[in-house]
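Novice: curious how this folds, go ahead:
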Amino acid sequence: MLFYLVYVSSAVKLFSASELVELLTKSRARNSEAGVTGMLLYKDGNFMQVLEGEKEAVLSLHTKILNDPRHRGLITLLQGELEEREFSDWSMAFRDMSKADGLSMSGYSAFLNSSLTGMEFTLAPTRCRRLLMTFKENMR
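Specialist: Numbers count the residues shown, from 1 in each chain. Here you go, the predicted structure:
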C-alpha cells in the first residue's frame with residue numbers, strides 16, 4: 001500500500017523563475033532517488049504539493065519541507081493510503097499558476113483563482129485534490 005500527503009505552505013519570499021527551476025531540479029532528483037512522485041503547484045508565493053510513495057519516504061520528505069527555512073505556515077490538508085499512484089509519470093510535475101497561460105487551459109474555472117493557502121482548502125481539504133487532478137489531466 002502506498003501513502004500520499006497533500007500540504008500547502010507559503011514561501012518566505014516570492015520565488016523567481018530561476019529559483020523555481022533550481023527547486024524543481026533538486027526536488028526531482030531527490031524524489032526520484034526516494035521513489036516519491038507527485039505534483040507541485042505554485043501561485044503568488046504559495047505552494048500546494050502532493051507527495052506519494054512509501055509512507056516512510058513521504059513522511060521523511062515532509063519533515064524536511066517542514067524544516068525548510070524557505071517555507072512558513074505549512075498545513076497538511078490530506079494524507080492517507082493509496083492503492084496506486086496518481087502521479088506515477090512524474091518525480092515532480094510542476095505548474096506555476098501565477099502565469100497567464102492558465103487562463104487558456106482546458107477546464108479552467110474561477111476555482112483555479114483560489115489562493116493555495118486559502119480558506120477554501122482549509123475548510124474543505126478535498127477541494128485540493130480536485131485542483132491537483134485538474135492540472136494532472138491538462139498536463140498530459
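
Novice: now for the closest residue to residue 7 other than its chain neighbours, how many residues are close by?
Specialist: Computed as CB to CB, 6 or more residues apart in numbering, the closest residue to residue 7 that is not its neighbour in sequence is residue 76, at 4.8 Å. Any C-beta I mention is one placed from the backbone N, CA and C, and that applies to glycine too. Using other CB atoms under 10 Å, residue 76 is surrounded by 13 other residues.

Novice: ok, residue 32 next?
Specialist: By the measure other CB under 10 Å, the count of residues near residue 32 is 13.

Novice: for it, pull up the helix or strand it's in.
Specialist: Assigning secondary structure by DSSP states H and E places residue 32 in helix 17-34.

Novice: now that helix: average pLDDT?
Specialist: The pLDDT scores in helix 17-34 average 88.

Novice: which neighbouring elements make contact with it?
Specialist: strand 37-43, helix 55-66, strand 93-96 (3 or more CB pairs under 8 Å, 6 or more residues apart in numbering; DSSP states H and E).

Novice: so the residue nearest to residue 37 when sequence neighbours are not counted, which state does it fall into?
Specialist: Sequence neighbours aside, residue 87 is the residue nearest to residue 37 in space, at 4.6 Å (criterion: CB to CB, 6+ apart). Under DSSP: H, G, I helix; E, B strand; the rest coil, the three-state class of residue 87 is coil.

Novice: give me the phi and psi for residue 87.
Specialist: With angles defined as degrees, to the nearest 10, residue 87 sits at phi -120, psi 40.

Novice: which parts of the helix holding residue 32 are buried?
Specialist: For helix 17-34, a neighbour-count test (16 or more other CB atoms under 10 Å) marks 20, 23-24, 27-28, 31, 34 as buried.
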